[in-house]
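Engineer: missing the sequence, but the structure's below:
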């Protein structure tokens, strides 16, 4: 492999959540694809960064594409199921997640995966990126994707990018600061976290966790005040007595000198080491406070020490300056609605083309790409905007909504043009490095939406090869149709609460709202034709348990259930929640203090019953 040059249709650099999805989708579409990753595990945030309790896109209607397929594989492979924590509906052993991605890659003969390598240089021909050099080899390709954790190809290729905050004057974002201040200076980007996995050793005594340099217990004092130690541990509980420690309150978020991440390889290494020490000190503090029952997990990650993730969980990276920038307004709900806008109607002026043909306009003092008349949506997210700055509560415009007896987030869409550089060809981004504002990044950075971005980028790259065109010239409707029709992992484009992917009219309604964006309902619910009932999943009911009890309506979208049967649970009180739209409607209409029979799965650590079917009485 030394000094060898490989040739591919598509090159993906970085094996994170988005890069892995992009490589798999490009190869499934038929492109000869090379994936080069820094780490021996694929999946990034979902695996090698240890965040195996993902947030966002949890509702059944949003479990589509590679994200939905990943959840299905987890349900089949994870002993004991995914109901293990209260921070997420899906918590799993990261080793199983890594196995899934490795299996998906290995089944594709046209996908060649090289691990343990980082990019060193980028090849250019005029305005096009044509290849990437690594330590001992190079790869040339027709389309190259930056799937690195920190947008490293953007810097190597000298493609314009953003790092840090934008002021309110830039785009009029309501949560952006008016002036730069001590917060924006100290924390230019959100805090990363070096995840550590702890283990319950039960009766045994866990090995002592040594303190790392600069241990200061006052940094962690009060970490679980208001929660209690058991609730704190169950936040990121994983199967097999494991605990994901990724705790923001006096915990292991770390951002001292976070700007070092993009200054040099040496300074990045120093930051990463300090971040890991900080998590080691938090684990040491936990053990000191809660006892030697809890220690570092054994043999989780494929390196030493095995309890620490392969790399930090980066919440923010360099961010492309693209044809369109996703702003806070684009992820907030429409006035009086439960969804954000799916298209930029104010910018639907001109077709796609090269920047020299005038595709950029000035709107409110900022450069913004015009969207196509039917919208450019290629991925969906719904996470509530969430920013992490140690010791600081940063207020953000709310986008949470009550749904299914619980809090979730307003659905929003990601436009294709935020993956495309404003002035560079042969190149796409597919990670947290999309063209997004610092404020909006708090919602677009989550694992499921990044996986959707990666899938769309991989599909786009393969189609550009097929059509012999540049990413900016790829017809967006062709890309959307391909994503909706993919024979392995079709993925939604338009977020609709009551349209699960197994509905017979799923594709019809997706295309209808792409063609008629003005008709998109602000409720997020599409009207089903009469007689077309919500499809019941018999498999889900078979896998669920049956409970009888009394239903209590505490408030709108807040329900309690007192169990009368089975006898083993009699008298227990559980919160009722659901991820299924028709169950949400049934719970909303069910009479107070009435008997009800429910099928669902109990989450002991969240004290809720996830309802999947219900009958009266």
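Structural biologist: Received, thanks. In this text, all values refer to a predicted model and were calculated from it rather than measured experimentally.
Engineer: what are the ranges of the strands in the stretch 451-600 of the chain?
Structural biologist: 545-555, 558-565, 573-577, 594-603 (DSSP state E, counting those that start in this stretch).
Engineer: tabulate the ones you listed (TSV), appending mean pLDDT.
Structural biologist: Formatted as TSV, the strands of the stretch 451-600 of the chain follow (pLDDT from 0 to 100):
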stretch	mean pLDDT
strand 545-555	96
strand 558-565	97
strand 573-577	98
strand 594-603	96
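Engineer: between those, which gets nearest to residue 478?
Structural biologist: strand 573-577 (38.7 Å; C-beta to C-beta). Just so you know, the C-beta spots here come from the backbone N, C-alpha and C atoms, and that holds for glycine as well.
Engineer: paired strands for that closest one, with orientation please.
Structural biologist: strand 558-565 (antiparallel), strand 608-616 (parallel) (DSSP bridges).
Engineer: contacts made by the first one with the rest, please.
Structural biologist: Think strand 558-565. 402, 405, 547-554, 569-576, 587, 595-596, 598, 609 (C-beta atoms under 8 Å, 6 or more residues apart in numbering).
Engineer: sorry, back to before: just the strands of the stretch 451-600 of the chain: most buried one?
Structural biologist: The highest average neighbour count among those, using mean count of other C-beta atoms under 10 Å, belongs to strand 573-577 at a mean of 21.
Engineer: residues in contact with that one: which ones?
Structural biologist: 404-406, 551, 558-563, 587, 598, 602, 606-611.
Engineer: and if you look at stretch 310-317?
Structural biologist: 38-41, 45, 48-51, 148-151, 189-195, 246, 254, 261, 272, 275-276, 301-303, 388, 431-433, 438, 441-442, 445.
Engineer: swap the cut-off to 6 Å and go again
Structural biologist: 39, 48-49, 51, 149-151, 189-190, 192-195, 275, 301, 388, 432-433, 441, 445 (C-beta atoms under 6 Å, 6 or more residues apart in numbering).
Engineer: take these and keep only those in helices.
Structural biologist: 275, 441 (DSSP state H).
Engineer: give me the subset of the contacts of stretch 310-317 lying in strands.
Structural biologist: Applying DSSP state E to the contacts of stretch 310-317, no entry is found in strands.
Engineer: can I get the buried part of the contacts of stretch 310-317 as one PyMOL selection?
Structural biologist: A single PyMOL command selects the buried members of those (16 or more other C-beta atoms under 10 Å):
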select buried, resi 39+48+49+51+149+150+151+189+190+192+193+194+195+275+301+388+432+433+441+445
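Engineer: quick one: the strands in the stretch 151-300 of the chain?
Structural biologist: 161-162, 196-200, 237-238, 242-245, 294-296.
Engineer: helices or strands up against the longest one?
Structural biologist: In terms of contacts (3 or more C-beta pairs under 6 Å, 6 or more residues apart in numbering; DSSP states H and E), strand 196-200 is packed against strand 242-245.
Engineer: off-centre distance for the strand it packs on?
Structural biologist: Its chain's C-alpha centre and that of strand 242-245 lie 19 Å apart, by C-alpha atoms, centre = their mean, to the nearest Å.
Engineer: partner strands of that strand and their direction?
Structural biologist: strand 196-200 (antiparallel), strand 237-238 (antiparallel).
Engineer: which other residues reach the shortest one?
Structural biologist: By that I understand strand 237-238. 84, 85, 91, 93, 243, 244, 605.
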